[in-house]
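1. show me how the following folds:
(2 chains)
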Amino acid sequence: MSIVIDKTKCVGCGKCVHICPGNVLRQDVQKKAYPEDPSDCWSCVSCMKECPVQAISILLPMEISAGGGRMKIRRDGNITAWEMEKTDGEKIVITTDTNEANKY
Amino acid sequence: MEKKIVDTDVLIIGGGTAGCYAGIKLGESSDLNIAVVDKAAIKRSGCLAAGVNALNAYITEGHKPIDYVRYASNDANGIVREDLLLDISERLNHVTEDMEKRGLTILKDKNGKYVSRGWRNLKINGENIKPILEAELRKQKNVTVYEHINITDLRYDNRIKGAYGFGIQDGCYYVFRAKAVLVATGGAAGIYRPNNPERMAHQMWYSPFNTGAGYSMGILAGAEMTTFEMRFIALRCKDTIAPTGTLAQGVGAKQLNSEGEIYEEKYGLTTSQRLWGTVVENLEGRGPCYLKTTGIDAQKEKDLYHAYLNMAPLQTLKWVTSKGPATEDVEIEGTEPYIVGGHTASGYWVDRERMTTLPGLFAAGDVAGGAPQKYVTGALAEGEIAAEGILHYLQENEYRKSNEEHLIKQSEEKQKEYEKHLSADAAEEGAIRYEVKELEIAMQKIMDEYAGGIRTNYRYTAHGLDTADQKIRELIGMLDRTRNKDTYDLLKLYELRERLIVSHVLIAHLRARKETRWHGFQENADHPEILEEYNCYINSVLEEDEIKIQKRDLIKVENR
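-> Here you go, the predicted structure:
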């Protein structure tokens, strides 16, 4: 599990619940999304790509990298801005375009 | 449970690469009613949820389809269905061009030709490959998509006539009645203890939601399966379990041990040899092992960040927040064993039209056996072949009258089974009950320790398999002792059942191949050599609760 849902930002649209390939997310009585069992998450970030208000971020798990880090996604059509942040606060943004092929 | 009946001509179970493409092709070429059902949302379901950044099966200029057959056969040490591979190979380029027309980005040079990586790989941006397939499928007027419905069993009398399942979100019981069925549910992950612990257990390469549903429903209905013992163990980036092909083939990174020696040539370059070499280097005290990426220039590193975001974004996040591949070699490890017919030859025994041994049931993609290294384009090709096979089957076989009494009884029993699991708590107060997760962890521990998992460096013995077999049978018996409060829990229960049934059959296959055909993939400690007498397929059928093993002769094709 590495996704974190900010309940104060979540608008309860249910898009992440619909898109999750593992049926991991559900909605509480206020329609806010939450993972029923966090260990079921695959870190595929499909939910982050669907969320209209950037309420979901991914926290780099300690088991993967002890330095930590965080990522958010802003998506607009073909363009995805991957907003990455180091634990010291430094931010790195990489933008990808589905119209541009991988070079390797 | 409220019962819902859906009548259709063709039922496609699984809206992944093969299932979607078969649906598109049937939609475009017929007036039949097609139902595509998926346990999640097809826009991101299956193993390509996060995307894919290369097409690993394509025939470049100067090569022929037979070259691909020979490559895949060599990689699998001869245990492949060359006829099935040839059918796929002949369509690889056509499905690639078709996907480009439908919106897939493929790298081209100034002259408009595809840029290849080696002689059989193309570079793409496949982050949106599932959204493209979904959009194309939804354009078909005669296709209806059913999402968040989990199919568990086939509906059959003397032939396959649909399937049974339940709505995960709506809680309904579903009966799909069809004249032909395509199963395209993917392979099986999560049967062995995975690389990462506990809360990160699903940080794996293959989709943890591909739980062997298609294998399981076929096995239970009596379908013949092939080559389960050829497990797929991927060599992956340590901890993230992200793919390594982009580094090895794209950047040319070699396998390096901790003494600074490039070791891959010592063991050979087939898929299993690359893995096995890494296992041996570690065993002999020269680990950890790496892909040598240090020294690549800044532009290459930047391009790698992009490539991984479009397929395994956690890898880029790790690089960007700590050290990138230009300054630190990428550590590699073997994954837990998966059963996946898109990479190895495990799956349904099919004919050239992709019909299984059960009349009316077709298989394509990772569930279909005999044709390894099919990858994404091979799954597309197989979806197309199965679509044509289904049309042919429906023309040849006028819809025969069903044994209605039998089918009604079958349906009633299935509904009762679901309802019994859902009401288990209330029915027996104070009875011993376990969580599905506990059984799942127990299964993974058994398979890891006794059936050649990571813990034993993938080695197994006949004695160990006997123990595994006994314990897996016990766990299957415990499925009725689980606690399930709603249809989300029911989904987990049936995913576990699928994995247990796959494990059960896998153990029988591992035991039956009394040699070591593929180091690592099938490492039989009792029989460490290759034996001529096992130049054959190991097939199996479940008959009256026992797995019957049958050897079958290899099917070859002539050079052309």
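2. is chain A within reach of the helix or strand where B:L394 lies?
-> Applying DSSP states H and E as the criterion places B:L394 in helix B:375-396. No - contact of helix B:375-396 with chain A (CB under 8 Å from any CB of the partner chain) is absent, the minimum separation being 13.4 Å. (Glycine included, C-beta is placed from N, CA and C.)
3. same for that helix, what does it pack against?
-> helix B:17-29, strand B:54-55, helix B:82-89, helix B:92-101, strand B:180-183, strand B:361-363 (3 or more CB pairs under 8 Å, 6 or more residues apart in numbering or on different chains; DSSP states H and E).
4. chain A: which of these is closest?
-> Ranking these by proximity to chain A (CB to the nearest CB) places strand B:54-55 first, at 6.8 Å.
5. what sits up against the closest one?
-> A:102, B:96, B:106, B:117, B:121-124, B:126, B:245-246, B:249-250, B:375-377 (CB atoms under 8 Å, 6 or more residues apart in numbering or on different chains).
6. find out how far the helix or strand just after that strand is from the centre of the chain, if you would.
-> If you walk from strand B:54-55 toward the C-terminus, the next helix or strand you reach (DSSP H and E) is helix B:65-75. Mean C-alpha position of helix B:65-75 versus that of the full chain (CA atoms, centre = their mean, to the nearest Å) differs by 20 Å.
7. average pLDDT across helix B:65-75?
-> For helix B:65-75, mean pLDDT is 97.
8. buried sites along that helix?
-> Neighbour counts over helix B:65-75 (16 or more other CB atoms under 10 Å in any protein chain shown) mark B:P65, B:I66, B:D67, B:Y68, B:V69, B:R70, B:Y71, B:A72, B:S73, B:D75 as buried.
9. between the residues you listed, which sits nearest A:I92?
-> Proximity of the buried residues of helix B:65-75 to A:I92 (CB to CB) peaks at B:D75, which lies at 38.4 Å.
10. still on that earlier bit, just the contacts of strand B:54-55: which are in strands?
-> Using DSSP state E, B:I106, B:R117, B:N121, B:L122, B:K123, B:I124 are the members of the contacts of strand B:54-55 that sit in strands.
11. which residues of the stretch 51-200 of chain B lie near chain A?
-> Contact residues, the stretch 51-200 of chain B versus chain A (CB under 8 Å from any CB): B:53-54, B:105-107, B:115, B:117, B:123-125, B:127-128, B:147-148, B:168, B:196-200.
12. 10 Å instead?
-> Contacts of the stretch 51-200 of chain B with chain A, taken as CB under 10 Å from any CB of the partner chain, map to B:51-54, B:103-108, B:114-115, B:117, B:122-132, B:147-148, B:150, B:168-169, B:189, B:195-200.
13. still on that earlier bit, kindly reformat the ones in strands among the contacts of strand B:54-55 as JSON lines containing distance to B:Y338, pLDDT and neighbour count.
-> JSON lines is the format used below for the ones in strands among the contacts of strand B:54-55 (distance: CB to CB, whole Å; pLDDT from 0 to 100; neighbours: other CB atoms under 10 Å in any protein chain shown):
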{"residue": "B:I106", "distance to B:Y338": "27", "pLDDT": "97", "neighbour count": "19"}
{"residue": "B:R117", "distance to B:Y338": "24", "pLDDT": "87", "neighbour count": "23"}
{"residue": "B:N121", "distance to B:Y338": "21", "pLDDT": "95", "neighbour count": "21"}
{"residue": "B:L122", "distance to B:Y338": "24", "pLDDT": "96", "neighbour count": "25"}
{"residue": "B:K123", "distance to B:Y338": "25", "pLDDT": "94", "neighbour count": "24"}
{"residue": "B:I124", "distance to B:Y338": "23", "pLDDT": "96", "neighbour count": "25"}
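14. still on that earlier bit, let me know the average pLDDT across the helix holding B:L394.
-> Helix B:375-396 comes out at a mean pLDDT of 97.
15. now do stretch B:271-283
-> Stretch B:271-283 comes out at a mean pLDDT of 97.
16. what of stretch B:148-165?
-> The pLDDT scores in stretch B:148-165 average 97.
17. same question for stretch B:303-321, mean pLDDT?
-> 96.
18. CA atoms only: put it into PDB for me.
-> Extracted C-alpha coordinates of stretch B:303-321, given in PDB (Å, rounded to 0.1, in the frame of the first residue of the first chain):
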ATOM      1  CA  ASP B 303      14.300   9.200 -21.100                       C
ATOM      2  CA  LEU B 304      14.300   6.300 -18.700                       C
ATOM      3  CA  TYR B 305      12.400   8.400 -16.100                       C
ATOM      4  CA  HIS B 306       9.700   9.000 -18.800                       C
ATOM      5  CA  ALA B 307       9.600   5.300 -19.900                       C
ATOM      6  CA  TYR B 308       9.100   4.000 -16.400                       C
ATOM      7  CA  LEU B 309       6.400   6.600 -15.600                       C
ATOM      8  CA  ASN B 310       4.400   5.100 -18.500                       C
ATOM      9  CA  MET B 311       4.600   1.600 -17.000                       C
ATOM     10  CA  ALA B 312       5.900   1.400 -13.400                       C
ATOM     11  CA  PRO B 313       5.800   4.900 -11.900                       C
ATOM     12  CA  LEU B 314       7.100   3.900  -8.500                       C
ATOM     13  CA  GLN B 315      10.500   3.100 -10.100                       C
ATOM     14  CA  THR B 316      10.900   6.700 -11.400                       C
ATOM     15  CA  LEU B 317       9.800   8.100  -8.000                       C
ATOM     16  CA  LYS B 318      12.500   6.000  -6.300                       C
ATOM     17  CA  TRP B 319      15.200   7.100  -8.800                       C
ATOM     18  CA  VAL B 320      14.200  10.800  -8.700                       C
ATOM     19  CA  THR B 321      14.000  10.900  -4.900                       C
END
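19. show me how far it is from its chain's centre.
-> For stretch B:303-321, the distance to the chain centre is 24 Å (CA atoms, centre = their mean).
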